[in-house]
Structure formats: C-alpha cells, structure tokens
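Colleague: kindly generate the corresponding structure for this input.
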Amino acid sequence: MIIHDVEQGSAEWHALRAGIPTASEFDKILSPTGKKSAQAEGYANRLLAELIVGGSVETWEGNVWTERGKELEQEAADFYEMSKGVTLKKVGFITDNERTMGASPDRLIEGGGLLEIKCPSPHVHVAYLLKGEVDQGYNSQLQGQMLVTGEAWVDIVSYHPQMPPVIMRVKRDESYIKSLREALDEFTATIEKKKASLIEAGHLTKEEA
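Modeller: Below you'll find the predicted structure:
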C-alpha cells in the first residue's frame, strides 16, 4: 500500500488517478452483488482517455448535496473522533504497491479501519436512522477500499446537524473481495492490451502509459 500525500480533488490527485481503476467506480467492473458489469469496457476506455489527456476527462462537478458534504465533512469527522475516542488521519489517494488500483477513503483510523463520511439529504439520513445499515449499492466501493488498503472494516457515518448521527460498520467480505480481485486482474489485463494498441498506433507514448 502506498499513501500519496495530495489533496483530494487537486490537480495532483487527478494526475495520480489517471488511468487507474478506483474504488468509487469498482461497480463499473463488478456490481455490488458480485456480477460482471456491462460498463467495464466503457470504463476502461475512459481510463485510457485520461492517460492520453494527462488527467480527468469527467465534467460532473457535483450538486447541492456534494457541496453540503464538503462543508460538513470536518464537523462529521470531529463527531466520530470524539464519540469513538480515536485519532483520524486525512488522506489524499492510496494505491496498491503496483499502482494498478486506488482508493480515496475520507479518513484512516489510527489503530486500524477506514472512515467514510456521508452528509446526505434529510430523507436519506432518516432512512439510515430507520435501517441502521448502509445501502448495498456502496458494496463495491467499500469492499474495494478494504482490498486496496488491507483494512478489516469501514465505518460509515451519516451526519445531519439537526438529527442524530448514524454510524454503520461494514466488514470485509472475503468472498466478494476474491471475486473483485479476479475481476480487477482481468480488467487490468484488458487495459494493458488496449494501451499496447494505442502505443502501436502512435496515439499514446510509453511514457504516458
């Protein structure tokens, strides 16, 4: 595991992520329920486009709830730190040693574990209050973070300043992680073949790859 000391969202962060599958989009390779995703080829081509242009090719800049999340993130982290009596470390980007995959968890927890912070709309937060568990749709991302970092669990805190916070723990699912690892290996092999074709055609240099 390599921890890259960059600010999330910065130009350096985008450059490190270019061409590398990341946990937030592992569902484009393996679905949350463990099925191969039909989006894998399109995702591979987007990652190759990032290598050619030298950075992100995404144009989505978020919405009111992502902006709200940024504003409340530190407040939510402080709540978690105090309630659990732990020390948190903010990180930029983490890759495996081979830099074939990466993740950007919101915080590392001193002594072990990861923290993901969500500051959702009121109705989504109420759903967390009622269910006490995170939506399965996040499974690829959360298990992917544990695959990249080697950690055993992720705590998700759903935070709304006018309602009780919710902390939900997701543990490693070794069966899913095994399937994800296999799918990522296959995906990486596909990326390498496509790189070779682009290099041969003169559309990508070995240095850029």
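
Colleague: could you use CA atoms for every contact and neighbour count after this?
Modeller: Noted.

Colleague: measure how buried Gly9 is and give me the count.
Modeller: Neighbourhood size, Gly9 [other Cα atoms under 10 Å]: 10.

Colleague: and the helix or strand of the chain with the lowest mean pLDDT, what does it pack against?
Modeller: Least confident element among the helices and strands of the chain, by mean pLDDT, DSSP states H and E: helix 64-84 (a mean of 83). On a contact count with 3 or more Cα pairs under 8 Å, 6 or more residues apart in numbering; DSSP states H and E, helix 64-84 meets strand 114-118.

Colleague: thinking again about what came up before, state the next helix or strand along the chain beyond the least confident helix or strand of the chain.
Modeller: strand 88-90 (DSSP states H and E).

Colleague: and the strands in the protein, which stretches?
Modeller: Applying DSSP state E to the chain gives strands spanning 2-4, 88-90, 93-95, 102-103, 107-109, 114-118, 153-158, 166-171.

Colleague: can I get those in CSV with mean neighbour count and distance to Tyr128?
Modeller: Formatted as CSV, the strands of the chain follow (neighbours: other Cα atoms under 10 Å; distance: least, Cα to Cα, whole Å):
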stretch, mean neighbour count, distance to Tyr128
strand 2-4, 15, 31
strand 88-90, 16, 23
strand 93-95, 24, 27
strand 102-103, 28, 24
strand 107-109, 19, 20
strand 114-118, 23, 11
strand 153-158, 22, 7
strand 166-171, 17, 7
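
Colleague: want to try TSV for these, with mean pLDDT and distance to Lys70 as columns?
Modeller: Shown next, in TSV, are the strands of the chain (pLDDT from 0 to 100; distance: least, Cα to Cα, whole Å):
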stretch	mean pLDDT	distance to Lys70
strand 2-4	94	20
strand 88-90	95	13
strand 93-95	96	17
strand 102-103	96	18
strand 107-109	97	14
strand 114-118	96	9
strand 153-158	97	13
strand 166-171	97	18
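
Colleague: TSV for the ones you listed, including distance to Glu182?
Modeller: As requested, the strands of the chain are exported to TSV (distance: least, Cα to Cα, whole Å):
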stretch	distance to Glu182
strand 2-4	21
strand 88-90	29
strand 93-95	17
strand 102-103	16
strand 107-109	26
strand 114-118	23
strand 153-158	21
strand 166-171	20
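
Colleague: out of the ones you listed, which gets nearest to His14?
Modeller: His14 lies closest, by Cα to Cα, to one member of those: strand 93-95, at 9.6 Å.

Colleague: tell me what that closest one is packed against?
Modeller: Looks like strand 93-95 contacts strand 2-4, strand 102-103, helix 139-149 (3+ Cα pairs under 8 Å, 6+ apart).

Colleague: how about residues contacting the shortest one?
Modeller: Defining contact as Cα atoms under 8 Å, 6 or more residues apart in numbering, one finds that strand 102-103 is touched by 17, 20-24, 93-96, 144-145, 148.

Colleague: ok, now how distant is Glu200 from Glu186?
Modeller: 21 Å (Cα to Cα, to the nearest Å).

Colleague: low-confidence stretches in this structure?
Modeller: Within the chain, the segments meeting pLDDT under 70 span 59-69.

Colleague: buried residues, the longest helix along it. List them.
Modeller: Ordering each helix of the chain by length in residues (DSSP state H) puts helix 174-200 first. For helix 174-200, burial by neighbour count (16 or more other Cα atoms under 10 Å) applies to 176-177, 180, 183-184, 187-188, 190-191, 195-196, 198-199.
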